[in-house]
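S.K.: Below is the structure, and that's it, no one-letter string:
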């Protein structure tokens, strides 16, 4: 047994997880690699060639690295759990008029649970991934903070992890910038991996057409929702739409409505199959509620505090106050925030540290 301990590394076949595994091996950990098969592209019905973390090429890339470095490697098929939870939620959220974030759900409820379960079976003290984030223990709490590379930071998608999960999690690449990670891969002779393109698509929607995915997934959906009303914020009907699940808050393109000025989706009302349109300023909000919160840095907030809140992955963040009310958080922004989409994750930061996060609720117009 290594003095550093035994660690189970999630190896997707990409450069970040590859460097994570080799780095930990060189640091003296006993490394075990695992590649998770979360989705079968053939069942999605999309037209794009299979790519990404679940493709055969990626699995083979991960296995080749493991063999070269004497790392025991396993493939874990979690397609059934993934499909039942993540994809059903994805569909349900759109049908409820919200915009889901499946990556957060997958990390929280599928990948980490699968990793920890297999880690226990293999007597691994730790698990590790190639996420650009950092974790530390402070005041008996495990705290996630932003990765050193601000452009690659992935702390936003990790807010749902439990304290129990974080206590056993390592993020080795979080202390580096992406070019440094690519250079490590080059130094180890992995030229193809170092230059491998990255995918930002949802893994089970490889053609990036979520509307087509919903139509294929829900029989008769298009016929059921087609022809609802586009209305302005004052209730004036200005046209017909193709079905409320095919629109998202803040959307401007693809509305096919001509009124002489740009219009935006302001809200979605699934109960009446109505999509509300307005001007860009109609998307402004200074307040929102966030449900199902999970706190990291503090066990609870006894009083309001100032924080930066990110309302989407690439959001720069917005200053305001946050106030806990049980499992919900009230957020009051100091300035207008545009296009807050219900169903997306909101993550609260104190400096670089994640205070916690939750799911954005619908707001009043």
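M.R.: Good, I have the coordinates. Because the structure is predicted, anything quoted here is derived from the model rather than measured.

S.K.: Now do the helices in the chain.
M.R.: The residue ranges that make up the helices of the chain, judged by DSSP state H, are 15-26, 56-68, 79-82, 88-95, 102-105, 112-121, 163-166, 178-187, 191-194, 210-217, 221-225.

S.K.: what would the ones you listed look like in CSV with mean pLDDT and mean neighbour count?
M.R.: C-betas here are computed from N, CA, C, even on glycine. Listed next are the helices of the chain as CSV, based on pLDDT from 0 to 100; neighbours: other C-beta atoms under 10 Å:
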stretch, mean pLDDT, mean neighbour count
helix 15-26, 96, 23
helix 56-68, 89, 18
helix 79-82, 85, 16
helix 88-95, 95, 18
helix 102-105, 90, 20
helix 112-121, 94, 18
helix 163-166, 96, 16
helix 178-187, 96, 16
helix 191-194, 89, 15
helix 210-217, 94, 18
helix 221-225, 95, 15
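
S.K.: possible to save those as JSON lines with distance to residue 313?
M.R.: Listed next are the helices of the chain as JSON lines, based on distance: least, C-beta to C-beta, whole Å:
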{"stretch": "helix 15-26", "distance to residue 313": "16"}
{"stretch": "helix 56-68", "distance to residue 313": "22"}
{"stretch": "helix 79-82", "distance to residue 313": "20"}
{"stretch": "helix 88-95", "distance to residue 313": "16"}
{"stretch": "helix 102-105", "distance to residue 313": "8"}
{"stretch": "helix 112-121", "distance to residue 313": "18"}
{"stretch": "helix 163-166", "distance to residue 313": "20"}
{"stretch": "helix 178-187", "distance to residue 313": "16"}
{"stretch": "helix 191-194", "distance to residue 313": "24"}
{"stretch": "helix 210-217", "distance to residue 313": "16"}
{"stretch": "helix 221-225", "distance to residue 313": "27"}
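
S.K.: Out of those, flag the one nearest residue 153.
M.R.: Closest to residue 153 of those is helix 178-187 (C-beta to C-beta; 10.5 Å).

S.K.: If we ignore the residues flanking it in sequence, what's nearest residue 268?
M.R.: residue 97 (3.9 Å; C-beta to C-beta, 6 or more residues apart in numbering).

S.K.: could you measure that neighbour against residue 349, distance?
M.R.: For residue 97, the distance to residue 349 equals 28 Å [C-beta to C-beta, to the nearest Å].

S.K.: How about residue 274?
M.R.: For residue 274, the distance to residue 349 (C-beta to C-beta) stands at 35 Å.

S.K.: and if you look at residue 166?
M.R.: Applying C-beta to C-beta to residue 166 and residue 349 gives a distance of 16 Å.

S.K.: give me the low-pLDDT residue ranges for this protein?
M.R.: Applying pLDDT under 70 to the chain picks out residues 1-2, 40-54, 199-200, 364-365.

S.K.: OK, contacts around the residue positioned nearest the centre of it?
M.R.: The centroid of the chain falls nearest to residue 103 when counting by C-alpha atoms, centre = their mean (3.2 Å). Counting by C-beta atoms under 8 Å, 6 or more residues apart in numbering, residue 103 touches 157, 202.
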